[in-house]
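Colleague: predicted model and sequence follow; I will ask about them next.
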Amino acid sequence: MEKLDNILVKILYYICAFLMLQMAVVVTAQVISRYVFGSPFTWTEELGRYTFVWVSFLGMAVAIKHGSHIALDILVKKLNGVSKKALMLLNNALILVFAGVLTFSGWKLVELGSRQDSPSLGLPMEYVYLVMPVSGILLFYFMISETVLLFKGKGENV
């Protein structure tokens with residue numbers, strides 16, 4: 001399971017890096033076209049926004065895997081043993097619920113987006129909304145993986 005985790009994280013890193021590079025190029029093109037040529041491209045702002053959404057959601061899954069999200073760990077640091085493990089399991093369970101909600105509500109949004117196109121790009125919105133169930137599934141997988149490690153005594157901060 002850890003090997004698959006590492007492969008997924010590496011793939012997500014490359015996807016996020018590519019999307020961030022794309023976003024930088026698109027936003028730079030927008031600024032140059034607006035201020036140098038006086039005529040902004042109509043599609044760059046939209047593409048930059050959608051790219052930012054994808055980077056944010058995919059990055060969320062990677063951050064969860066590495067425990068990089070902001071956390072109030074005052075209570076966790078004061079606990080040890082079984083009580084600490086129980087609190088961490090509760091935290092993982094809540095994140096799993098969130099991942100489930102994100103996946104299922106995201107899928108409903110994808111279905112709704114299949115009937116909509118973006119204004120400038122003409123892109124079916126289902127491709128924009130697809131990041132919600134994808135990141136929900138990744139989040140769910142990474143939390144299951146972390147919970148298994150926690151039971152084995154290898155989880156973060158045990």
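Modeller: Right, received. Where do you want to start?

Colleague: and Pro124, what does it touch?
Modeller: Contacts of Pro124 were listed using C-beta atoms under 8 Å, 6 or more residues apart in numbering, and they are Gly113, Ser114, Gln116, Asp117, Ser118. Where you see a C-beta, it was placed from the backbone N, CA and C, and this is true even at glycine.

Colleague: kindly report the same for Leu8.
Modeller: Residues Leu138, Tyr141, Phe142 are the ones in contact with Leu8 under the rule C-beta under 8 Å, 6+ apart.

Colleague: closest to Gln22 out of the residues you listed?
Modeller: Each of those was checked against Gln22 using C-beta to C-beta; the closest is Leu138, at 20.1 Å.

Colleague: go ahead and list the helix or strand containing that closest one.
Modeller: Here Leu138, judged by DSSP states H and E, is contained in helix 131-152.

Colleague: tell me which residues in whichever strand or helix holds Lys77 are buried?
Modeller: Secondary-structure assignment from DSSP H and E places Lys77 in helix 74-78. When neighbours are counted by 16 or more other C-beta atoms under 10 Å, no buried residue of helix 74-78 is found.

Colleague: show me what that helix is packed against.
Modeller: helix 81-113 (3 or more C-beta pairs under 8 Å, 6 or more residues apart in numbering; DSSP states H and E).

Colleague: next structured bit after the helix it packs on?
Modeller: helix 125-129.
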